[in-house]
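[1] Next one to model:
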Amino acid sequence: MNIAMEGEMRIDSESDIVTARKTIRDLTAKLGFGLTDITRIVTAASELTRNIYCYAGVGVMRWRSLNQGKDVGLELTFEDHGPGMADVAQCMEPHFSTSGGLGLGLPGAKRLMGKMTVEPAPGKGTTILMRKWLKT
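    Below is the predicted model of the structure:
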């Protein structure tokens, strides 16, 4: 698979979670991330892709490589037009879940990526942006 350094994929089926994982795994390897960071980034992307599928039904994952001088990184954006989050702070608390799960998804993704912003629009959707820089 030839992965572009910038792109997007629609998320609307459970199989898209697997496709997103493979896409991000291939891209992070191409960017030069090590195995540990690849695993972290793929896990975070998988969680947010699953959240779109489970809670919004449909959305999009966008990716782009980042270059600041000699620093290389990856930016991932997850956008949906589902019900949104009424209370982002509560959703970011470990063990908070609206579906009976472990409640580790969003706070775990933030911990794995380092940089994460959540832009909720209750009743209109959610946009989550994550960044990870390659350690040189």
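
[2] got the contact list for the helix or strand hosting residue 62?
    For residue 62, the host element (DSSP states H and E) is strand 59-68. For strand 59-68, contacts defined as CB atoms under 8 Å, 6 or more residues apart in numbering pick out 5-12, 20, 23-24, 27, 31, 45, 48-49, 52-53, 72-82, 125, 131, 133. All C-beta atoms are positioned from the backbone trio N, CA, C, and that covers glycine.

[3] Name every strand pairing with that strand and say which way it goes.
    Strand 59-68 has its sheet partners listed here by DSSP bridges as strand 6-11 (antiparallel), strand 71-80 (antiparallel).

[4] Turn those strands into JSON lines, columns for mean pLDDT and mean neighbour count.
    Below are the strands paired with strand 59-68 laid out as JSON lines (pLDDT from 0 to 100; neighbours: other CB atoms under 10 Å):
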{"stretch": "strand 6-11", "mean pLDDT": "96", "mean neighbour count": "15"}
{"stretch": "strand 71-80", "mean pLDDT": "95", "mean neighbour count": "19"}
